[in-house]
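Colleague: my questions concern the predicted model and sequence given below.
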Amino acid sequence: MSLDIEIDDRVIRQEREKSRALRKQNWWKNRIAKGVCHYCGHPVAPKDLTLDHIVPLARGGRTTKGNCVPACKDCNNQKKNLLPLEWEGYLQHLQEQ
Ligand SMILES: [Zn+2]
């Protein structure tokens, strides 16, 4: 996948709207009720879980159930701050623990 695909601002806004709607659905409420971060697997209070796009919107990801997972704030921040390759390294590191 090319990293320099241009994503329309309007598309990103629409997808963010969809995330807001998705967070109100029972599907999402059931997911966070389990209280587990998708990435690190740590127990997290449902109110501290955020909706994360596995493939970020800025890289062409969309707000679908398959692309949205509950993530703790730590993982969410890591994901924002790391390059895709570094993020993969982070996930691998988690699995080795
Ligand atoms: Zn986590």
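Modeller: It's in.
Colleague: enumerate every residue touching the residue nearest to the spatial centre of the chain.
Modeller: In the chain, the residue lying closest to the centroid (CA atoms, centre = their mean) is Asp52, at 1.7 Å. The contact partners of Asp52, by CB atoms under 8 Å, 6 or more residues apart in numbering, come to His38, Tyr39, Cys68, Val69, Pro70, Ala71, Cys75, Asn76, Lys79. All C-beta atoms are positioned from the backbone trio N, CA, C, and that covers glycine.
Colleague: among the residues you listed, which are within reach of the ion?
Modeller: When contact is defined as CB under 5 Å from the ion, these meet the ion at Tyr39, Cys75.
Colleague: who wins for neighbours among the contacts of Asp52?
Modeller: Cys75 (25 neighbours; other CB atoms under 10 Å).
Colleague: which non-adjacent residue is nearest that residue?
Modeller: Closest residue in space to Cys75, ignoring its immediate chain neighbours: Tyr39 at 4.2 Å, by CB to CB, 6 or more residues apart in numbering.
Colleague: got it, and Thr50?
Modeller: With CB to CB, 6+ apart as the criterion, Thr50 has its nearest non-adjacent residue at 5.1 Å, and that residue is Asn76.
Colleague: before we move on, what about Lys18?
Modeller: Nearest to Lys18 is Thr63, by CB to CB, 6+ apart, at 3.8 Å.
Colleague: quick one: that neighbour and the ion, what's the gap?
Modeller: For Thr63, the distance to the ion equals 20 Å [CB to the ion, to the nearest Å].
Colleague: other SSEs contacting the host helix or strand of Glu86?
Modeller: Assigned by DSSP states H and E, Glu86 belongs to helix 84-96. Applying 3 or more CB pairs under 8 Å, 6 or more residues apart in numbering; DSSP states H and E, we find helix 84-96 packed against helix 73-81.
Colleague: and the helix it packs on, how far out from the chain's middle?
Modeller: 9 Å (CA atoms, centre = their mean, to the nearest Å).
Colleague: got it, and stretch 88-95?
Modeller: With CA atoms, centre = their mean, you get 15 Å for stretch 88-95.
Colleague: that's all I had, so thanks and see you.
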